[in-house]
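[1] give the three-dimensional model of this entry:
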Amino acid sequence: MKKAMILLLFFTGILINCNSQIINTNHQVIHDVDSIRKAFHIPGLAFGVANCDSILVASGLGIRQINTSDSVTINDYFHIASLGKGLTSFMIGKLIDEGTIEWDTRFFDLYPELKETSRKEYLDLKLMDLLSMRTTLRSLNDWNVKQIIDGYNEKYTEDRFSYYKFAEYALTLEPVKYDSGQFYNYTSMGYVLANLMIKRASGLNYSQLLEKTNKDLGVNFIIGWPQVINERQPSGHLIPAQSGWGESNKLEVLNGEKYTDWGEDFLFYNIPSGHHSVTVQDYLKYLQINLNGLSGQDNYLKSNTYDFLFNGAKEYSMGWGNDIVNGNHYYSHSGSVGNFMARAIIIKESKIVIFIMLNAGNGETIGGMHQIINYLEKKYST
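    Coordinates of the predicted model:
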């Protein structure tokens, strides 16, 4: 009996020490990440690392807005921009598993009435082409978008903020040309068309489909800036002179209300491809579902659907970049509209996901984000 009690205390002690070591390790990781944040003058961030079963570390650090003492919390929302592409592709994957639409469904199979006014180069567009950037559609991701939006608004003065009319206009524009060796043409325009396809096929508009997905997964992706939740959520920041928004070389607050004219249109048309906000814990939960699916598990989607989402096209698949790094399947995507920055990574063989969101999107803050990611990769994936 005495020996049994000694053994029990011994093993209890090991468990206590192991748990303490995990806690201390997490504290050290948080401290190290915060040190990098401060060194690169990032106002605030939220980050986390998880495996298939649990969150290994997660934290909110810094301040919600410069020149305040309002601290970021782990429950705060940050804007994730183009990480929305993977989310939209994920939701489409569910519709495909349910038989509502197919990867190779053609846009003009669902919208035959637009054939007559569209350029012949676009007539064979498939859903998977739109999601994986295998199109010659014009870009919605550089400064040329202002010219496109202004041209649309001039022609359709009574139809501002119409996905249908905007797609009709986009399909009349001269296609881009690929450079030698170019695999894909990165543009959010494909997601404008994909959004129309899923609406006609499913009968659900984008916000309804997102609401259903949130309910199914037990998460809360929102459309728009963090301030949709409440005004105290993290503000976005940028250096205006580096983004073309002004002349100042200092970090300044830039939230949605300062986006005017064509900028409002830009954000509206980019909703399916990148105008969402979320908390770090909810996004980690979503990443874990994808990681388990890539590991062969049927969960919200079928395992072969996950494989197609991430590996269906070379270099850039359905809303995710793919590569082989140090023998590991490495999936990643970044997102920013200038005032926020986010990056998500799934490392299949290491069974690790890494996620970070910043409330600043240019200047030295980008270098800080990459240094934090490199630190977390070395800590958890090797």
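[2] just checking, residue 71 touches residue 59?
    No. Judged on C-beta atoms under 8 Å, residue 71 makes no contact with residue 59 at a distance of 11.3 Å. C-betas here are computed from N, CA, C, even on glycine.
[3] neighbour count for those two, which is higher?
    Taking other C-beta atoms under 10 Å, residue 71 and residue 59 do not tie; residue 59 has more neighbours (19 against 12).
[4] give me the contacts around the one helix or strand the more buried one maps to.
    Under the criterion of DSSP states H and E, residue 59 resides in strand 55-62. For strand 55-62, the surrounding residues in contact (C-beta atoms under 8 Å, 6 or more residues apart in numbering) are 26, 29-30, 33-34, 37, 42-50, 71-76, 280-281, 284, 359, 380.
[5] which members of the residues you listed occur in helices, if any?
    26, 29-30, 33-34, 37, 280-281, 284, 380 (DSSP state H).
[6] output the residues you listed in a markdown table; the columns should cover pLDDT, neighbour count and distance to residue 331.
    What follows is those, written out as a markdown table (pLDDT from 0 to 100; neighbours: other C-beta atoms under 10 Å; distance: C-beta to C-beta, whole Å):
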| residue | pLDDT | neighbour count | distance to residue 331 |
| --- | --- | --- | --- |
| 26 | 89 | 16 | 25 |
| 29 | 96 | 19 | 22 |
| 30 | 97 | 16 | 25 |
| 33 | 98 | 23 | 22 |
| 34 | 98 | 16 | 27 |
| 37 | 98 | 22 | 25 |
| 280 | 98 | 26 | 18 |
| 281 | 97 | 18 | 20 |
| 284 | 98 | 25 | 15 |
| 380 | 95 | 18 | 16 |
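[7] residue 334: which of those residues is nearest?
    Using C-beta to C-beta, residue 280 is the member of the ones in helices among the contacts of strand 55-62 that lies nearest residue 334, at 15.8 Å.
[8] how many neighbours does the closest residue to the closest one other than its chain neighbours have?
    Take residue 280 and drop its neighbours on the chain: the residue closest to it by C-beta to C-beta, 6 or more residues apart in numbering is residue 46, 4.0 Å away. Neighbours of residue 46 under the rule other C-beta under 10 Å: 28.
[9] so, low pLDDT: which residues of the stretch 201-350 of the chain?
    Scanning the stretch 201-350 of the chain for pLDDT under 70 picks out 256-261.
[10] tell me the secondary structure at the residue sitting nearest the centre point of the chain.
    Centroid-nearest residue in the chain: residue 83, 1.1 Å away (criterion: C-alpha atoms, centre = their mean). The three-state label given to residue 83 by DSSP: H, G, I helix; E, B strand; the rest coil is helix.
[11] just give the closest residue to it, not the sequence neighbours.
    residue 335 (4.3 Å).
[12] that neighbour is in contact with residue 78, isn't it?
    No. Assessed by C-beta under 8 Å, residue 335 is found out of contact with residue 78, at 10.1 Å.
[13] and these two? which has more neighbours close in?
    Applying other C-beta under 10 Å to residue 335 and residue 78 shows that residue 78 carries more neighbours, namely 29 against 23.
[14] ignoring the adjacent residues along the chain, who's closest to residue 148?
    That would be residue 138: by C-beta to C-beta, 6+ apart, it lies 6.0 Å from residue 148.
[15] relative to residue 145, how far out is that neighbour?
    8 Å (C-beta to C-beta, to the nearest Å).
[16] got it, and residue 130?
    Taken as C-beta to C-beta, the span from residue 130 to residue 145 is 17 Å.
[17] can you check residue 170 too?
    11 Å.
[18] residue 161 now?
    15 Å.
[19] those two - which one has more neighbours?
    residue 145 (21 against 11).
[20] ok, now which ones touch the more buried one?
    Contacts of residue 145 were listed using C-beta under 8 Å, 6+ apart, and they are 139, 262, 266.
[21] looking at these, which is nearest residue 225?
    residue 266 (13.7 Å).
[22] pretty sure residue 133 sits against residue 184.
    Yes. Under the criterion of C-beta under 8 Å, residue 133 makes contact with residue 184 at 3.9 Å.
[23] so what sits against both of the two?
    Common contacts of residue 133 and residue 184, defined by C-beta under 8 Å, 6+ apart, comprise residue 316.
[24] out of these two, which sits in the busier spot?
    Counted by other C-beta under 10 Å, residue 133 and residue 184 do not tie: residue 133 has more neighbours, with 23 against 18.
[25] now the strands: where do they sit in the stretch 51-200 of the chain?
    Along the stretch 51-200 of the chain, the stretches classed as strands by DSSP state E, counting those that start in this stretch are 55-62, 78-79.
[26] in CSV: those, plus mean pLDDT.
    Listed next are the strands of the stretch 51-200 of the chain as CSV, based on pLDDT from 0 to 100:
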stretch, mean pLDDT
strand 55-62, 97
strand 78-79, 98
